[in-house]
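Visitor: I'd like to go over a predicted model; first the sequence, then the structure.
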Amino acid sequence: MKSSWWKVQSTPRLRWACRALHCSYETNDSPYLILQPVKRELLWLQPYVALYHDFISDLEAEKIKGLAAPWLFLVTPLNLSAMHSSAWLKDTVDPVIVSLDQRIAALTGLNIRPPYAEYLQVVNYGIGGHYEPHFDHATVSNKACETGSQRLSSVDAGGSTAFIYANLSVPVVKVSGTLFWWNLHRNGAGNGDTLHAGCPVLAGDKWVANKWIHEHGQEFRRRCGPDPDD
């Protein structure tokens, strides 16, 4: 599965990383996924970035877009670092949200019930919509632990998610593109390698749904490792 990020300059570290990248079926030891494992494409190791294919169906994507559309509000900060519309959907809105949350919990093994995670955030980027380089983790306690981004639409040009330090660019692919990465190290420190940006949409309409899971409440689900710097 080739994409533009394979064209970066080759280095020994990069060649080693590319050899370790692979595709697999994953269950995360969850009974929920035993009969229908998820398709994982490991895109990068540092930072860890995985792409899950067919994680959400086309019908689910259209349903979520329809639920969010009446509640979208325009986000235009004074510094214009981000230009998009956003809405938040509780799991009580529709069973499709409940089903998606169950899959996310099974995939990550994390506690996604409030207050340990936020409601589903649905974001729409029109022509020129973008998000400049940023970190998803905060600099105070209760940082975001994990980011999962479901692509609900495709775009004709632009709109890729670009990881700056990894030289990795992931195009927007409807349904087939569910991105997952860890914002924090196991020791709770922010992962500086996760600096990323939403490239401007040049043609088309970009829809994504984000699930933000907090560090607090995951202590026994994502444990610290023996290496204090991990």
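Guide: Received it, and whenever you're ready, just let me know what you need. Residues are numbered from 1 along each chain as shown.
Visitor: what's the burial count for Gly217?
Guide: Neighbours of Gly217 under the rule other CB atoms under 10 Å: 18. To be clear about C-beta, it is placed using only N, CA and C from the backbone, and glycine gets the same treatment.
Visitor: find the nearest non-adjacent residue to it, please.
Guide: For Gly217, ignoring the flanking residues on the chain, the nearest one in space by CB to CB, 6 or more residues apart in numbering is Tyr116 at 3.5 Å.
Visitor: report the contact partners of the residue lying closest to Arg151 once chain neighbours are set aside.
Guide: With CB to CB, 6+ apart as the criterion, Arg151 has its nearest non-adjacent residue at 3.9 Å, and that residue is Gly177. By CB atoms under 8 Å, 6 or more residues apart in numbering, Gly177 lies in contact with 51, 53, 151, 170-171.
Visitor: buried subset of those residues?
Guide: Among the contacts of Gly177, those buried by neighbour count (16 or more other CB atoms under 10 Å) are 51, 151, 170-171.
Visitor: from those residues, which ones fall inside helices?
Guide: Secondary structure assignment by DSSP state H places none of these in helices.
Visitor: nearest to Leu100, out of the residues you listed: which one, please.
Guide: Arg151 (13.1 Å; CB to CB).
Visitor: wait, doesn't the closest one sit right on Pro171?
Guide: No: in this structure, Arg151 is not within contact of Pro171 by CB atoms under 8 Å, at 9.2 Å.
Visitor: pLDDT on the helix ranked longest in the chain, on average?
Guide: Among all segments of the chain classified by DSSP H, the helix with the greatest residue count is helix 95-108. Taken as a whole, helix 95-108 has a mean pLDDT of 95.
Visitor: give the buried residues for it.
Guide: For helix 95-108, the neighbour count (16+ other CB under 10 Å) marks 96-97, 100-101, 103-108 as buried.
Visitor: contacts only, for Ser153.
Guide: Applying CB under 8 Å, 6+ apart to Ser153 gives the contacts 61, 65, 172, 174, 204-207.
Visitor: now do the SS call for it.
Guide: For Ser153, the assignment made with DSSP: H, G, I helix; E, B strand; the rest coil gives coil.
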